[in-house]
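**Student:** give me coordinates for this.
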Amino acid sequence: MQRKLLTAEGYQRLQDELNHLVRIERPEITKIVSWAASLGDRSENADYHYNKRKLREIDRRIRHLTKLFEVAQKVEYHPQQQGKVYFGAWVELENDEQEIAQFRIVGDEEIYGNKDYISLQAPIAKACLGKAVDDEVQVHTPNGVNNWYIIKIKY
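**Tutor:** Numbers count the residues shown, from 1 in each chain. The predicted structure follows:
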């Protein structure tokens, strides 16, 4: 089974989400569904149908997160990483046209909802790994090779 890498922050955020779903959101929605079901005829009961659908979405997310934590590996920052690009790094690049790109390299599960996060599997992330400030990074794209220079790394 393949390990899913998560930054310490991403691991905690997803753990908090799972706890919130299990302890707060699911019990609240379950109460609403029970109340709506007690009203009788469910065929035209909008509260029942809406909240039943919401309950299925919550259960699906709980299953997903539970399975994720079975294979998740939390990657903590280590001082040996300083000065080089590794998993969890914030990287700032500049190209010859003085365009700036800034992003954080994270696991696949962490990129959703974070526009400045990119997957460890992204070509630009792979090209940056192990590099230091002032190193040139070549990114192969369908339009050709793009050259970038690392100008800042922080954790």
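**Student:** next, the buried residues of the longest helix belonging to the chain.
**Tutor:** Among the segments of the chain that qualify as a helix by DSSP state H, the longest is helix 46-71. Within helix 46-71, the residues scored as buried using 16 or more other C-beta atoms under 10 Å are Y48, N51, K52, K54, L55, I58, I62, L65, L68. From N, CA and C alone the C-beta is placed, and that goes for glycine too.
**Student:** what's that helix packed up against?
**Tutor:** helix 8-20, helix 26-38 (3 or more C-beta pairs under 8 Å, 6 or more residues apart in numbering; DSSP states H and E).
**Student:** repeat the analysis, applying 6 Å as the threshold.
**Tutor:** Judged by 3 or more C-beta pairs under 6 Å, 6 or more residues apart in numbering; DSSP states H and E, the packing partners of helix 46-71 are helix 26-38.
**Student:** regarding this structure, what is its longest strand?
**Tutor:** Criterion DSSP state E: the longest strand present in the chain is strand 144-154.
**Student:** rewinding a little: with distance to H140 and pLDDT added, can I get the buried residues of helix 46-71 in CSV?
**Tutor:** Shown next, in CSV, are the buried residues of helix 46-71 (distance: C-beta to C-beta, whole Å; pLDDT from 0 to 100):
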residue, distance to H140, pLDDT
Y48, 53, 93
N51, 49, 95
K52, 48, 95
K54, 44, 97
L55, 46, 97
I58, 41, 98
I62, 39, 98
L65, 34, 97
L68, 30, 97
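**Student:** where does the chain dip in pLDDT?
**Tutor:** 1 (pLDDT under 70).
**Student:** find the nearest non-adjacent residue to A36, please.
**Tutor:** For A36, ignoring the flanking residues on the chain, the nearest one in space by C-beta to C-beta, 6 or more residues apart in numbering is Y48 at 3.7 Å.
**Student:** what sits against that neighbour?
**Tutor:** Neighbour list for Y48: A36, A37, R42 [criterion: C-beta atoms under 6 Å, 6 or more residues apart in numbering].
**Student:** now do the longest strand of the chain: which elements does it pack against?
**Tutor:** Under the contact definition 3+ C-beta pairs under 6 Å, 6+ apart, strand 144-154 sits against strand 90-95, strand 136-141.
**Student:** residues in contact with the first one?
**Tutor:** Read that as strand 90-95. By C-beta under 6 Å, 6+ apart, strand 90-95 touches 85, 100-102, 104, 128, 148-154.
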